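Visitor: generate a structure from the sequence data that follows.
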Amino acid sequence: MAFFFLNKIETSMTKIYLEKELKQFGQLKFIGNIKEDIRNNGFNSTIAEFKSLNDENGFLDFCKSKKILPKKRVDEQYIPQQQKQVQSEVPHQSTTKASMIANPSFHFYKDEAYGKGIENFALTENFKESFEINGAQAFNLTTIYPGLLVGSGYNHPKLKEKADDFQLGFFFDHTTGLPIISGSSIKGVLKSVCEKKEFMQDIYKKTIELSIFEDNKTIFYDAFIFETKNENNKIFGSDYITSHFSNEEDGMFKEPNPIKFLKVLPNVTFKFQFKAPQEYVDLFKAIILDFGLGAKTNVGYGKFIEVA
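Guide: The predicted structure follows:
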């Protein structure tokens, strides 16, 4: 099994074209939707997964000929047995073993166990070189208790025979598989607050022309995980929503229905980036600190602090 991130794809290349070309190098299992490559303007990116890659050199030569930038990721289950044995002999600093999952989104949505063990995922690479935008105005904010929920509205039904599966969706970057806060979500929250001009004047002593949200000159980039201060470099945890059927007849006598969901832990730092004047960016930071981002902010999720 081989898993590749394909970046800097010419916009003229379609998914059908890539599937046809890549099949000559092995048994192609999956190729993701082609999306805009946010790190390379004017290009697209996608994910390619092979059940078996019979001609890796040929595949890499093809990428080189098309000026595609491939980056390979390997999961623990595909590491040769001898290498696994060497890794198992390395002593751990903690009794909690960090997961070798390379792409958490793949395991969360594709595994038969629906992401079981993803809470032990260790952040070993933040893809800073891929996410950072040259010339962007930026600031870092860190999650606080109880954490952050992004993409909870996505469908993620539990398996009937696995009561402890996650039952709410989650949003991941399609290339790296890491959690991100989408630029569109950040823009939506900021716009909803800036529309309340009297509130803006009372609280922040300034207002912003709403045209900045439509002029395509102010850009709201995805926020990515910059670092984590948690033990074993963990970034994921779990929590529960417990429904008591209070709106149903005789609901008080029914057994509660715990719903397990994935979250980003506290003490995880995100880097926010904007193409905007510094005075706007300072105001954006103040609004995010006050209102938070993501789901369930009314009960404390999605709140941040600024750590020096």
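Visitor: tell me the SS of G237?
Guide: Secondary structure assignment for G237 (DSSP: H, G, I helix; E, B strand; the rest coil): strand.
Visitor: might you report the residue contacts of it?
Guide: 119, 147, 262-265 (Cβ atoms under 8 Å, 6 or more residues apart in numbering). Every C-beta, even on glycine, is put in place using the N, C-alpha and C of the backbone.
Visitor: how many neighbours does the closest residue in space to it that isn't next to it in sequence have?
Guide: Nearest in space to G237, with sequence neighbours left out and distances taken as Cβ to Cβ, 6 or more residues apart in numbering, is L265 at 4.4 Å. A total of 19 residues lie near L265 under the criterion other Cβ atoms under 10 Å.
Visitor: my guess is L265 contacts I235. True?
Guide: Yes. Between L265 and I235 there is a contact at 6.0 Å, judged by Cβ atoms under 8 Å.
Visitor: any shared contact partners between these two?
Guide: With Cβ under 8 Å, 6+ apart as the test, L265 and I235 both reach T228.
Visitor: what's the longest strand in this protein?
Guide: Of all the segments of type strand in the chain, defined by DSSP state E, the longest one is strand 43-53.
Visitor: narrow the contacts of G237 to those in helices?
Guide: Of these, none are assigned to helices by DSSP state H.
Visitor: can you find the helix or strand in this protein with the smallest mean pLDDT?
Guide: Using mean pLDDT, DSSP states H and E, helix 81-88 stands out as the lowest-scoring helix or strand of the chain, at a mean of 39.
Visitor: got the contact list for the residue nearest to Q278 when sequence neighbours are not counted?
Guide: Nearest non-adjacent residue to Q278, counting by Cβ to Cβ, 6+ apart: Q137, 5.8 Å away. By Cβ under 8 Å, 6+ apart, the contact set of Q137 is 273-278, 281.
Visitor: now with 7 Å, please.
Guide: 274, 276, 278, 281 (Cβ atoms under 7 Å, 6 or more residues apart in numbering).
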